[in-house]
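Chemist: sequence and predicted structure below; questions after.
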Amino acid sequence: MAEQVQDTARGGGNRPALALHVPEPRYRPGDAVDFSHVRVSRAGEQARPDERCPASETHGLCTDLIRVLGEDDRAHGPWDPKLDADTLRTMLGHMALTRAFDERMFRGQRQGKTSFYMKCTGEEATSVSAAMALAGDDMVFPSYRQQGILISRGYPLVEMINQIYSNKGDALKGRQLPIMYSSKAHSFFTISGNLATQTPQAVGWAMASASKGDSRIAATWVGEGSTAEGDFHAACTFAAVYNAPVILNVVNNQWAISSFSGFAGGERATFAARAIGYGLAGLRVDGNDALAVYAAERWAADRARANAGPTLIEFFSYRAEGHSTSDDPAGYRSAHEREEWPLGDPIARLRDHLIALGEWDEDRQAAMDRSCAETVRAATKEAERNGILGHGLHQPFETMFEDVYETMPWHLAEQCAQSLREREVKFPEGLHGR
Amino acid sequence: MTAPAKGADASAERRLNMIEAINEALDIMLARDPDVMIFGEDVGYFGGVFRATAGLQAKYGKTRVFDTPISECGIIAAAIGMGAYGLRPVAEIQFADYIYPGLDQIVSEAARIRYRSAGEYTAPLTVRSPFGGGIFGGQTHSQSPEAMFTHVAGLKTVIPSTPHDAKGLLIAAIEDNDPVIFFEPKRIYNGPFSGFYDRPVEPWKRHPDSVVPEGHYRIPLGEARRVSEGEAMTVLAYGTMVHVVDAVAREKGIDIDLLDLRTLVPLDIEAIARSVERTGRCMVVHEATRTSGFGAELAALVQERMFYHLEAPVMRVTGFDTPYPHSLEWAYFPGPVRIGEAMDRLLQD
């Protein structure tokens, strides 16, 4: 009897033994990298259905890769958004400024001016070009790597740096981890830091907009890793159920800290293909092709605005740097991945396109890069006048207790008084000069 | 303790049960404020499993009162997004036991949006949910998870115990600009339960607090209600337990000072202090499990602030630290025996 029980537990009989699959990325530190398995479709060869088509007509695009910029640096095919040269230069400028900003802020963190920073190097198009395809008052619910949206919408760099330094000028009163911006004036929702929570919130905002007969839509960004969260499933379900005017952007940058996209299901299906099961329109897009990103986001925005429904877009890209200042990618992936990445760099590709059009040249590019660096340097200097991160002393202690509720209840008022007493003990001569 | 004056006119004689009072509050807010939206599982056409939203979709249309997917995470998140847009969403979670899939959206998001955005964005949502046991709901339809929410900075937690208060508190909760968790004691939806489960059910219509004024009124959040005035001891309770405690005290002939807290956060500490300083004895009663329950917070506050007025240790009477059992529901429930014995002990000390 006992033996029988044991047999059952083991699987028993002649049945084969099961094996657990734990995904493993192809390359680890030191490995040579070969990306020939990544299917890169030819630019211009993907069909572009009408924005109001049934969702199912897009489903072939969920396993393809929408690309506009070809190897010849020219724009090809039906997805070419046919932007004028000024718009392309503006796009290039926003992306270059975003990269220059990232460089400087990363350095600032290393110099001890703040606790934390996250770059978006290599992914600039997924926020800049996407933001430019939206109306300025369309509501965005970003994740933490979409600084390009704020830069595209003209949010002052000084404000961003004040927030990163948690200094006296920080509009968020030093409460949030660096880069967790918020700007209602720029229709930019407060960044959480908890992953994918913003995705179903964006759907709720879009439902509200639709219920009010508004014309504004919502767009949200999430990393491929975070699509594993239940919130993402809730978002897709609600978006489909209520035909919400929302764009669900999934930035597939291949890595979630040290876990490759396989841990979010990327070994089995594309992330765009998740749209199929929910009945959402789905597009899979070369995320390093600024024109393809713009075209796809614009397609989805026009679709949403026409009450034709939500779209899930996968931007296929590559996180060229570490997750944040807190990790060293040399510890978990091959350094050759970045140089071998088959979709190139979004800024270089757009620059080369403008040069091929005769609308740009190396000298102007160099001047732009210098100008971006100078703009960021000047903004940094200005922000530093408000101080750098320093032991929470930039904000009066009582601000810690404000905004927990609209009006402060007695228990917080008591705790606030306690904190002020502690301040007297810690700084008997006052905070002056600190 | 401000409840609007009752009996001021003829309409004061109108008697409602708690479901009707809640339905009326929702109806009034839908009519007054075009930004109020009501949604949840089965709340639309059907009107909710407890009928709290009955008739509202037919009256206001299905873009304002509607059903949702079975996804508490999605329900709360959508409410947050709607709040960010500028609406005033009222979400129903069908049973408090089902709220956990939405917990991250409540705790990490709704509760902190005002704070983390320095007031740029708010989450003015109300989450209504039937809670508590006594209806043979087993472990998934009986829980009292209020302490999980009182522990979270940025949330308000409200629990009515009468039709009159349910209406005024719900209106106040909906009009509040902070996220409010509004737990409805489902055992007393239809009548004030005495705890003597083998006796016939009392309907609300014989209870004075079933007189519900017509129209809009608000009971401010953070104000307790004195249910009975007495000298023997202070009893702090909320929801179903208010009625059970009241019945037990009457049965035993003990003149207790009974406070129905109504709002757990923010708490009416002044009302508690006034009472305890006078009686010198304090008992805390809740249906939820004991360890780290809200009773622990109450006992700590009373001890910290009123110690020198106390003539006996603060006593807690609660549910047991087990999941809510089905067949042994009444063995779990902090009923007349447990409360009565505790009252005797507290008076002997």
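Modeler: Cool, the structure landed. Remember, predicted model here, so these are calculated numbers, not experimental data.

Chemist: mind pulling up the pLDDT for B:Asp349?
Modeler: On the pLDDT scale, B:Asp349 is placed at 78.

Chemist: repeat that for A:Arg333.
Modeler: pLDDT for A:Arg333: 97.

Chemist: would you say B:Phe39 is within a strand?
Modeler: Yes. Applying DSSP: H, G, I helix; E, B strand; the rest coil, one finds B:Phe39 inside a strand.

Chemist: doesn't B:Phe66 make contact with it?
Modeler: Yes. Using Cβ atoms under 8 Å, B:Phe39 is in contact with B:Phe66, at 5.0 Å. No exception for glycine: its C-beta is placed from N, CA and C like everyone else's.

Chemist: who has more neighbours out of the two?
Modeler: In this view B:Phe39 and B:Phe66 are compared by other Cβ atoms under 10 Å in any protein chain shown, and B:Phe39 has more residues nearby, 24 against 21.

Chemist: who's that one bridged to?
Modeler: On the basis of DSSP bridges, B:Phe39 is bridged to B:Phe66, B:Ala91.

Chemist: who's in contact with it?
Modeler: Applying Cβ atoms under 8 Å, 6 or more residues apart in numbering or on different chains, we find B:Phe39 in contact with B:65-68, B:75, B:78-79, B:89-92.

Chemist: ok, those vs chain A, which is closest?
Modeler: Proximity of those to chain A (Cβ to the nearest Cβ) peaks at B:Ala78, which lies at 3.3 Å.

Chemist: shouldn't that closest one be within a helix?
Modeler: Yes. Judged by three-state DSSP, B:Ala78 forms part of a helix.

Chemist: give me the phi and psi for the residue nearest to it when sequence neighbours are not counted.
Modeler: Closest residue to B:Ala78 apart from its sequence neighbours, by Cβ to Cβ, 6 or more residues apart in numbering or on different chains: A:Gly204 at 3.3 Å. With angles defined as degrees, to the nearest 10, A:Gly204 sits at phi -60, psi -40.

Chemist: over to A:Tyr165?
Modeler: Backbone geometry at A:Tyr165, expressed as degrees, to the nearest 10, gives phi -90, psi -10.

Chemist: contacting residues for it?
Modeler: Counting by Cβ under 8 Å, 6+ apart, A:Tyr165 touches A:108, A:113-114, A:178, A:383-384, A:386-389.

Chemist: circling back: which ones are touching the residue nearest to B:Ala78?
Modeler: A:238, B:77-82, B:84-85, B:89.

Chemist: which of these are buried, as a PyMOL select command?
Modeler: Of the contacts of A:Gly204, the buried ones can be selected in PyMOL as follows, counting by 16 or more other Cβ atoms under 10 Å in any protein chain shown:
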select buried, (chain A and resi 238) or (chain B and resi 77+78+79+80+81+82+84+85+89)
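
Chemist: now the closest residue to chain A within chain B: phi and psi?
Modeler: Nearest residue of chain B to chain A, counting by Cβ to the nearest Cβ: B:Gly81, 2.5 Å away. B:Gly81 adopts backbone torsions of phi -60, psi -40, taken as degrees, to the nearest 10.

Chemist: next one: A:Leu83
Modeler: The phi/psi pair for A:Leu83 (degrees, to the nearest 10) reads phi -80, psi 150.

Chemist: mind listing what it touches?
Modeler: A:Leu83 neighbours (Cβ under 8 Å, 6+ apart): A:91, A:291, A:294.

Chemist: make JSON lines from the contacts of A:Gly204 and add distance to B:Asp178 and pLDDT to it.
Modeler: Below are the contacts of A:Gly204 laid out as JSON lines (distance: Cβ to Cβ, whole Å; pLDDT from 0 to 100):
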{"residue": "A:Phe238", "distance to B:Asp178": "24", "pLDDT": "98"}
{"residue": "B:Ala77", "distance to B:Asp178": "17", "pLDDT": "98"}
{"residue": "B:Ala78", "distance to B:Asp178": "18", "pLDDT": "98"}
{"residue": "B:Ala79", "distance to B:Asp178": "13", "pLDDT": "98"}
{"residue": "B:Ile80", "distance to B:Asp178": "13", "pLDDT": "98"}
{"residue": "B:Gly81", "distance to B:Asp178": "17", "pLDDT": "98"}
{"residue": "B:Met82", "distance to B:Asp178": "15", "pLDDT": "98"}
{"residue": "B:Ala84", "distance to B:Asp178": "14", "pLDDT": "98"}
{"residue": "B:Tyr85", "distance to B:Asp178": "17", "pLDDT": "98"}
{"residue": "B:Pro89", "distance to B:Asp178": "13", "pLDDT": "98"}
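
Chemist: pLDDT weak spots in chain A?
Modeler: Along chain A, segments meeting pLDDT under 70 span A:1-12, A:391, A:431-434.

Chemist: could you redo the last one with a cut-off of 90?
Modeler: Counting by pLDDT under 90, chain A shows low-confidence ranges at A:1-13, A:390-394, A:426-434.

Chemist: closest residue of it to chain B?
Modeler: A:Gly204 (2.5 Å).

Chemist: domains of the chain?
Modeler: As the question left the chain open, I've gone with chain A. Domains of chain A are assigned by automatic domain parsing as A:55-325+A:333-384, A:397-426.

Chemist: oops, wrong one, chain B.
Modeler: Annotated domains of chain B cover B:11-188, B:222-348 [automatic domain parsing].

Chemist: could those domains be laid out in CSV, adding distance to A:Phe263?
Modeler: Below are these laid out as CSV (distance: least, Cβ to Cβ, whole Å):
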stretch, distance to A:Phe263
domain B:11-188, 20
domain B:222-348, 33
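
Chemist: which one of those is the most hemmed in?
Modeler: domain B:11-188 (a mean of 22; mean count of other Cβ atoms under 10 Å in any protein chain shown).

Chemist: all helices for the chain, in order.
Modeler: As the question left the chain open, I've gone with chain A. Using DSSP state H, the helices of chain A run over A:2-10, A:85-110, A:124-133, A:147-152, A:157-165, A:198-211, A:230-241, A:274-278, A:290-305, A:336-340, A:346-356, A:362-384, A:410-426.

Chemist: right idea, wrong chain: chain B
Modeler: Using DSSP H, helices in chain B cover B:18-32, B:56-60, B:72-85, B:103-104, B:113-116, B:146-150, B:163-175, B:240-252, B:269-279, B:294-306, B:329-332, B:336-348.

Chemist: the closest residue to A:Asp328 other than its chain neighbours and A:Arg110, how far apart?
Modeler: Nearest residue to A:Asp328 in three dimensions, chain neighbours excluded: A:Gly322, at 6.2 Å (Cβ to Cβ, 6+ apart). Distance, A:Gly322 to A:Arg110, by Cβ to Cβ, to the nearest Å: 12 Å.

Chemist: columns distance to B:Glu311 on top of the contacts of B:Phe39, output as CSV?
Modeler: Output for those, formatted as CSV (distance: Cβ to Cβ, whole Å):
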residue, distance to B:Glu311
B:Val65, 52
B:Phe66, 55
B:Asp67, 54
B:Thr68, 52
B:Ile75, 48
B:Ala78, 52
B:Ala79, 47
B:Pro89, 47
B:Val90, 44
B:Ala91, 45
B:Glu92, 44
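
Chemist: so who does residue 129 touch?
Modeler: Picking chain A for this. Counting by Cβ under 8 Å, 6+ apart, A:Ser129 touches A:91, A:95, A:290-291, A:293-294, A:297.

Chemist: hmm, no, I was thinking of chain B.
Modeler: By Cβ under 8 Å, 6+ apart, the neighbours of B:Ser129 are B:92-96, B:98-99, B:181-184.
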